[in-house]
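In: Can you look at this prediction? I've put the sequence above it.
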Amino acid sequence: MVKEVPEKKYPPEVNYSTVLKGMTRTSPLDTAFHLLMAILLITGLIIDLLGPWLGGWLSSIRSIAHGYVGTLFVLVFIVYLIAMLFSKTMRMVLTVTNYLDFLLYIILIITGITIASPNKPWVDLLPGLSVTLSPIAQVAPAVHAITTYVWILFAIIFPGGILHGLASVYLISYLKKKYKTMREE
Amino acid sequence: MEYAVLVDPAKCIGCRGCQVACKRWNDLPGEATKFSSEWTNPPKLSFNTYTHIRFKLEHNEATGDTKWHFFNWRCMHCKTPACAEACPVNAITKYEDGPVVVDQDRCIGCKFCVSACPFGIPKFDAVSEKVYKCHMCFDRVPSKEPACVQSCPTDALLFDTRDVILQKARERKEELKGYIYGDVDNKPLGGTSFIYVLDAAPSVFGLPEVGEGIPPTVPVIKYSKWMLIPAAIGGLLYLVAWRKRRMKEKEA
């Protein structure tokens, strides 16, 4: 009996929902990582761009959506790095362009921790941390802000962003093909 | 009219009256502290200690003599404050009459000011998630002098219009054969509203060397958002290309 294979739609339909579903299927960790990063980016931009107008209204956004989510992001990032070392799937997700992303994430994390650390009780739990971070304390806010905007530039118009997009399209179309074949079987 | 305070360490007896007066006027709680080797107590400023007396021991290697220096330390109330420039929500204001004040209702506790201040003055309170510092008693000035000045029994702190204070600083400098820190001899961040007339080099008192202009890392924070313009243009071009492709697909 000849199996009928439905005609493939190319390019595959890619929207936020399919990307999110594809990412979740491939790696919940990667999805969590990117979602948290998106929250941090959006809240950071809100604070930086709307701060002069919204003022104190941004207090909880800064402390909860940027501060505590930032802490969660750092923890997820550590797990993400460990997963990267031991999982082939995770390494597949890490395309060439993501390497630059990673460098920018690390700069953002280090400067973010530096900005957050003054007079915070958790600093006392990590002896030596404040001494280690003190040489970059004065430049940390500037580096944090600049890196964010460089990252946005990189993600939108530089070739890295285009490659990143292509990699996502490829990954999602590959997954679609794979799951379609599995369903048909 | 701009006002200023003259700080004269040579007249200071280290009584800490200014510390207590500041606590009382601002209704700030006391702190459990430990003695440091320099006797400065509390050893550092905090979110509920806006001012303290610093104790510095000067040792002359040549003569073997030692000398104590006492002086009041708190926010310098700079003319062009780096903290205000760094604040993303405009919560810090430089008043025309001198004080640099943090508006607690606007402060979001981002701590950019903590990083920006070359004197290390603004302090973050992890409970209220706000930043606090000396406000030069802006709620008293100019009808009354700041609480610390009023409490000083030896006139080591003097409050007056900036011109008068500068004149007094020059005269006192001549007397002491000393150095003016905050204006005349050096102008940290464009000059400060607390002006020190010192009987020894600023390094003896541990006063930092600060340039006249705001450190370049501070305005960069505000200018960096201009990078969004090429990003926005790129995004717009992408949207146009995407729409064109969609139209073509529909036509096909």
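Out: Arrived safely.
In: Every contact and neighbour count from this point should use C-alpha atoms.
Out: Noted.
In: Around the closest residue to residue A:139 other than its chain neighbours, how many other residues sit close by?
Out: Distances taken as C-alpha to C-alpha, 6 or more residues apart in numbering or on different chains put residue B:217 closest to residue A:139, at 5.9 Å, once the chain neighbours are dropped. Using other C-alpha atoms under 10 Å in any protein chain shown, residue B:217 has 17 other residues around it.
In: What of residue B:11?
Out: Applying other C-alpha under 10 Å, we find 15 residues neighbouring residue B:11.
In: cool, and the one 4 residues further on?
Out: The number of residues packed around residue B:15, counting by other C-alpha under 10 Å, is 13.
In: Check the secondary structure at it for me.
Out: What DSSP: H, G, I helix; E, B strand; the rest coil gives for residue B:15 is coil.
In: Taking chain A, what residue is nearest to chain B?
Out: Residue of chain A nearest chain B, by C-alpha to the nearest C-alpha: residue A:56 (3.8 Å).
In: Could you tell me the per-residue confidence at that residue?
Out: On the pLDDT scale, residue A:56 is placed at 90.
In: Verify the contact between it and residue B:102 for me.
Out: No: using C-alpha atoms under 8 Å, residue A:56 is not in contact with residue B:102, being 11.9 Å away.
In: mind listing what the residue of chain A closest to chain B touches?
Out: Residues near residue A:56 by C-alpha atoms under 8 Å, 6 or more residues apart in numbering or on different chains: B:89, B:105-108.
In: Quick check: it vs residue B:88, distance?
Out: Separation of residue A:56 from residue B:88 (C-alpha to C-alpha, to the nearest Å): 11 Å.
In: Cross-check the contact I'm expecting between residue B:231 and residue A:153.
Out: Yes: Residue B:231 lies in contact with residue A:153 (C-alpha under 8 Å); the separation is 5.0 Å.
In: how about the nearest residue to residue B:193, chain neighbours excluded?
Out: Counting by C-alpha to C-alpha, 6+ apart, residue B:193 lies nearest to residue B:4, which is 4.6 Å off, once chain neighbours are set aside.
In: Likewise for residue B:212?
Out: Using C-alpha to C-alpha, 6+ apart and skipping residues adjacent in sequence, the residue nearest residue B:212 is residue B:189, 4.3 Å away.
In: Can you report how many residues neighbour that neighbour?
Out: Close neighbours of residue B:189, defined as other C-alpha under 10 Å, add up to 23.
In: So for the closest residue to residue B:181 other than its chain neighbours, what pLDDT did the model give?
Out: Once flanking residues are discounted, residue B:181 sits nearest to residue B:196: 5.0 Å by C-alpha to C-alpha, 6+ apart. If you check residue B:196, the pLDDT there is 96.
In: buried sites along stretch B:150-170?
Out: For stretch B:150-170, the neighbour count (16 or more other C-alpha atoms under 10 Å in any protein chain shown) marks B:150-152, B:155-162, B:165-166, B:168-170 as buried.
In: Just confirm residue B:232 is within a helix.
Out: Yes: with three-state DSSP as the criterion, residue B:232 is located in a helix.
In: Residue numbers of the stretch 101-250 of chain B in contact with chain A?
Out: B:105-112, B:114-116, B:123-126, B:129, B:217-218, B:220-221, B:224-225, B:227-228, B:230-231, B:234-235 (C-alpha under 8 Å from any C-alpha of the partner chain).
In: How about the stretch 1-150 of chain B: which residue is closest to chain A?
Out: Counting by C-alpha to the nearest C-alpha, the stretch 1-150 of chain B gets nearest chain A through residue B:106, at 3.8 Å.
In: I'd assumed residue B:87 was in contact with that residue.
Out: No: using C-alpha under 8 Å, residue B:106 is not in contact with residue B:87; the gap is 10.2 Å.
In: what's the overlap in contacts for those two?
Out: Overlap of the contact sets of residue B:106 and residue B:87 (by C-alpha under 8 Å, 6+ apart) is empty.
In: out of these two, which sits in the busier spot?
Out: residue B:87 (27 against 21).
In: Surely the more buried one is in contact with residue B:112?
Out: Yes: counting by C-alpha under 8 Å, residue B:87 touches residue B:112, with 6.1 Å between them.
In: Now for the nearest residue to residue B:83 once chain neighbours are set aside, how many residues are close by?
Out: Nearest in space to residue B:83, with sequence neighbours left out and distances taken as C-alpha to C-alpha, 6+ apart, is residue B:113 at 4.2 Å. A count of nearby residues for residue B:113, using other C-alpha under 10 Å, gives 28.
In: in a helix, that's where residue B:113 is, yeah?
Out: Yes: counting by three-state DSSP, residue B:113 is part of a helix.
In: And residue A:33, how far from residue B:36?
Out: Taking C-alpha to C-alpha as the measure, residue A:33 and residue B:36 are separated by 45 Å.
In: more crowded one of these two?
Out: Using other C-alpha under 10 Å, the more surrounded residue of residue A:33 and residue B:36 is residue A:33, with 19 against 11.
In: Student question: in the chain, what's the helix or strand with minimum average pLDDT?
Out: Going with chain A. When each helix and strand of chain A is scored by mean pLDDT, DSSP states H and E, helix A:88-93 comes last, with a mean of 62.
In: could you do chain B instead?
Out: Result, chain B / mean pLDDT, DSSP H and E: helix B:228-251, a mean of 85.
In: Right, I'll call it a day here.
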